[in-house]
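1. let's see this in three dimensions:
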Amino acid sequence: MSAVRDVFAAAADKYGQGNALLLLERPETEALIGDVRGLRVLDLGAGTGHYAGWARSCGARVAVALDLTPEMLAHAPRPAVVADASRLPFAAGSFDVVVGALVVSFVRDRGRLLQEVARVLGRDGVLVLSDMHEIATELGWQRSFRGPRGERLVLDAAPPRLETMRRALGQAGFAITDLREPRIDERLQRAFRRAGRSDFERMRGLPVLQLYRACRGGS
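-> Prediction:
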């Protein structure tokens, strides 16, 4: 865990800059979350708090950013809580929606994470998760970030397999209501060029993300 924290601490000031993955992930995740007006939202593994800020702008009653790395949360909207995603410092039923964007790969005990999320969600609560697709990893995509001097920082964080995630969600008491596998398309063509990659056409149409919308208690 310390290696993950160290990389994110170093990448905090430049997080998101030139990150092609976010061009796909953010609109897909926001569409899955849906209407949050009047709801209590937890941005889990928030980093700089994109979804907490988005939820607040969309009328959420409460929007909390939680992350393990203080340097990342320094850029997040308040309230911002430094804590481990597997040990959430909230009472049962504190939230209506939990968003975990691109975070599951970095959690060792995913079962415990999902149990904690189920605990802090209220009845009929909704969990939205995103992560890299297993196929994207097999094709050589890596979780990389820009350091303070522009250097490339890479984390070895393999995403879960889809079947593993489906099983883990079920074991934690969630019912999946939507599963999406966004694919490489024109939204990423410019990002490929900026990165000096010449394999856009070869990779077009391949899944790069896995996203889940799941309800607590099968509601």
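2. tell me which residue lies nearest the centroid of the protein.
-> residue 101 (0.9 Å; CA atoms, centre = their mean).
3. residue contacts, that one?
-> 25-26, 29, 43, 45, 50-51, 128-130 (CB atoms under 8 Å, 6 or more residues apart in numbering). For the C-beta atoms, the positions are set from N, CA and C on the backbone; glycine is no exception.
4. residue 94: which of those is nearest?
-> Taking CB to CB as the measure, residue 94 sits nearest to residue 43 out of the contacts of residue 101, at 13.3 Å.
5. contacting residues for the residue lying farthest from the centre of the chain?
-> Within the chain, residue 198 marks the point farthest from the mean C-alpha position, 27.5 Å out by CA atoms, centre = their mean. Neighbour list for residue 198: residue 192 [criterion: CB under 8 Å, 6+ apart].
6. returning to that earlier point: of all the contacts of residue 101, which comes closest to residue 82?
-> residue 45 (11.8 Å).
7. longest helix of this protein?
-> Across the chain, the longest stretch assigned as helix under DSSP state H is helix 20-33.
8. how far does it sit from the chain's center?
-> With CA atoms, centre = their mean, to the nearest Å as the basis, helix 20-33 stands 9 Å off its chain's centre.
9. what residues of that helix count as buried?
-> 20-22, 24-26, 28-30, 32-33 (16 or more other CB atoms under 10 Å).
10. ok, now stretch 37-50?
-> 39-50.
11. re earlier: closest to residue 171 out of the buried residues of helix 20-33?
-> Once CB to CB is applied, the member of the buried residues of helix 20-33 that ends up nearest residue 171 is residue 32, at 21.3 Å.
12. residues contacting that closest one?
-> 128, 178, 180, 211, 213.
13. from residue 189, how far out is it?
-> Per CB to CB, to the nearest Å, residue 32 is found 24 Å from residue 189.
14. do residue 44 as well
-> 31 Å.
15. residue 50 now?
-> 23 Å.
16. likewise residue 23?
-> 10 Å.
17. where do the helices of this protein begin and end?
-> Going by DSSP H, the chain shows helices at 2-11, 20-33, 50-57, 70-73, 110-120, 134-138, 162-171, 189-194, 200-203.
18. JSON lines for those, including distance to residue 64 and mean pLDDT?
-> Formatted as JSON lines, the helices of the chain follow (distance: least, CB to CB, whole Å; pLDDT from 0 to 100):
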{"stretch": "helix 2-11", "distance to residue 64": "18", "mean pLDDT": "59"}
{"stretch": "helix 20-33", "distance to residue 64": "15", "mean pLDDT": "88"}
{"stretch": "helix 50-57", "distance to residue 64": "6", "mean pLDDT": "97"}
{"stretch": "helix 70-73", "distance to residue 64": "11", "mean pLDDT": "88"}
{"stretch": "helix 110-120", "distance to residue 64": "10", "mean pLDDT": "96"}
{"stretch": "helix 134-138", "distance to residue 64": "30", "mean pLDDT": "77"}
{"stretch": "helix 162-171", "distance to residue 64": "22", "mean pLDDT": "96"}
{"stretch": "helix 189-194", "distance to residue 64": "31", "mean pLDDT": "77"}
{"stretch": "helix 200-203", "distance to residue 64": "36", "mean pLDDT": "82"}
